[in-house]
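>>> I need the structure of the sequence given here:
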Amino acid sequence: MTFDVDLFVIGAGSGGVRAARFAAGFGARVAVAESRYLGGTCVNVGCVPKKLLVYGAGYADTLNHANDFGWQVGESVFDWPTLIANKNREISRLNGIYKNLLSNSGVTLYEGHARLLDAHTVAINGEQIRAAHILIATGGWPSVPKFPGSELAITSNEAFFLEQLPKRILVVGGGYIAVEFASIFHGLGAQTSLLYRGDLILRGFDQGVREHVRDQLIESGLDVQLNTDIKALAKTADGRLCASLADGRELIVDAVFYGTGRRPMLDSLGLENTGVQLTEHGTIAVDAQYVTAEPSISAIGDVIGDEFGDAGTDAGTGAGTEKATARLQLTPVALAEGMAVARRLFKPDEYRPVNYQLIPTAVFCLPNIGTVGISEEQAVAEGRRVHIFESRFKPMKLSLSSSGERSFMKLIVDAHTDVVLGCHVVGPDAGELVQGIAVAMKAGATKAIFDDTIGIHPTSAEELVTLRSITRTVG
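Have a look, this model is predicted:
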């Protein structure tokens, strides 16, 4: 059987582009299709523009505290259109970089919607292309639960392109997307309420982190409302929105933002023309090597969800009988998976599976969260006996100000082996700090090694190598 290309990648997000570039570098004939924007969610409506907006929101506190350090700052005025225009220019620059990366790698780019006709054929722009292997890397898409008026809500996709900053906005959700955008809107001057149906935000994170972040958001003036939800949305006579809550209250706002979840982007993909199977969550089922139930088709990234390991077939690897493995829907994870697929297909002697242990991550709310390893609750659930080291303090940057913001640091240490199992930080640049800690933990660092490491003074980071007293022992 002859093929036009060795690999056809559907989706030019981070994972898809990485797989395409590496595969081409290994000598494969590669084509990529993208129907929206090069770089995928992360570059266009995710990580990158979000962090640019977080930086913008952070300037509010910087300006407020400047006087404490002797700077006489005049009246500050924030202009949302300027921030969005500058953000758009930067994203356009990055789109060009992604296009050049593909072109310089010898990858053929098709700009349009690709649809599977069978296990080896892709239709795009009126053309049919035969591929020995197909990789689905179409990512995810924001989802809003259905209720009366739900079509009036916006998601992260629309938030990045609002013409004006809403004067009052209601952010719904308790996950990292909702918490980040609540921080953004609040920091930029919008009257912001964070609405969550549960008892505490950031489910899945360490309990200490969750409680500390909740308290810091409230301290910053953000209106945090727990144990309630929206039942209906309706437009008012003046064009605003009336949110009817489960507890009987009504809130009048200019916009309602939903950050309650994402779904796999499988629209009109033609999966029904193949043997690809879906999980009960609607994601593509793959085995431990990202192969679907259709042996010629693989999938990576957000489209395969939080777990993999059961494609419903051997798929050539015997992984259909393996226990599902937890993964994280993060850009660096998709990048690693893209490289793994390229190596498995075209450079098998260099193939190595992605290691999902000790993946560091950050939440860019204000203040930031950085975390790697297990939580205290996970340690207990796993039957471990652990020593907990905790510290709360006012960061030096705010020492001359009246700010009530406090940083939080926590280490979880195995009581028997002394190995550091978890590190959780809330404070300025927490993500930058935890990246280095992740390297040490990946190498198996013990608490004794942390203690023997000389700190950089004066920094917040030195707190992690000067924690001497056990806060408590659990398990």
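
>>> alpha carbons only: can I get the longest strand anywhere in the chain in CSV?
Looking only at the chain and at elements set by DSSP state E, the strand with the highest residue count is strand 127-136. Below are the C-alpha coordinates for strand 127-136, written out as CSV (Å, rounded to 0.1, in the frame of the first residue of the first chain):
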residue,chain,number,x,y,z
GLU,A,127,-8.2,16.9,-1.2
GLN,A,128,-7.7,13.3,0.1
ILE,A,129,-4.4,12.4,1.6
ARG,A,130,-3.3,8.8,2.4
ALA,A,131,-1.1,8.5,5.5
ALA,A,132,0.7,5.5,7.0
HIS,A,133,0.1,6.9,10.5
ILE,A,134,-2.4,9.6,11.7
LEU,A,135,-2.0,11.5,15.0
ILE,A,136,-5.0,13.3,16.5
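
>>> have a look at this structure and report its longest helix.
What stands out as the longest helix in the chain, according to DSSP state H, is helix 80-104.

>>> which helices and strands sit right next to that one?
Under the contact criterion of 3 or more Cβ pairs under 8 Å, 6 or more residues apart in numbering; DSSP states H and E, the helices and strands touching helix 80-104 comprise helix 14-25, helix 40-45, helix 47-66, strand 108-111. To be clear about C-beta, it is placed using only N, CA and C from the backbone, and glycine gets the same treatment.

>>> 6 Å instead, please
Counting contacts by 3 or more Cβ pairs under 6 Å, 6 or more residues apart in numbering; DSSP states H and E, helix 80-104 packs against helix 47-66.

>>> what are the buried residues along the helix it packs on?
Neighbour counts using 16 or more other Cβ atoms under 10 Å place 47-50, 52-54, 56-58, 60-61, 65 of helix 47-66 among the buried residues.

>>> cool, and stretch 182-201?
Along stretch 182-201, the positions that meet the burial threshold by neighbour count (16+ other Cβ under 10 Å) are 182-188, 190-196, 200-201.

>>> for stretch 233-249, same thing?
Buried positions in stretch 233-249, judged by neighbour count with 16+ other Cβ under 10 Å: Leu233, Leu241, Cys242, Ala243, Ser244, Leu245.

>>> now do the same end-to-end measure for it.
The first and final residues of stretch 233-249 sit 12 Å from each other (Cα to Cα, to the nearest Å).

>>> do stretch 287-304 as well
Terminal residues of stretch 287-304 are spaced 10 Å apart (Cα to Cα).

>>> same question, stretch 122-129
One end of stretch 122-129 sits 5 Å from the other (Cα to Cα).

>>> give me the contacts around it.
By Cβ atoms under 6 Å, 6 or more residues apart in numbering, the residues outside stretch 122-129 that reach it are Asp4, Phe8, Ala33, Tyr110, Gly112, Ala114, Arg115, Leu117, Thr121.

>>> show the model's pLDDT score for the residue nearest to Asn67 when sequence neighbours are not counted.
Closest residue to Asn67 in three dimensions, ignoring its sequence neighbours and counting by Cβ to Cβ, 6 or more residues apart in numbering: Val73, at 6.4 Å. In the predicted model, Val73 carries a pLDDT score of 90.

>>> so Val73 belongs to a strand, correct?
No. Val73 is assigned coil when assessed by DSSP: H, G, I helix; E, B strand; the rest coil, not a strand.

>>> you'd agree Gly187 is up against Tyr59?
No. Between Gly187 and Tyr59 no contact is recorded; they are 8.1 Å apart, counting by Cβ atoms under 6 Å.

>>> closest one to Tyr98 out of the buried residues of stretch 182-201, please.
Proximity of the buried residues of stretch 182-201 to Tyr98, judged by Cβ to Cβ, is greatest for Ile184, which lies at 24.6 Å.

>>> what helix or strand does that closest one sit in?
Using DSSP states H and E, Ile184 maps to helix 176-187.

>>> whichever helix or strand comes after that helix to helix 176-187, inter-axis angle?
In the C-terminal direction, the helix or strand that comes right after helix 176-187 (DSSP H and E) is strand 191-196. When axes from the mean of the first three to the mean of the last three Cα atoms, to 10 degrees is applied, the directions of strand 191-196 and helix 176-187 differ by 160 degrees.
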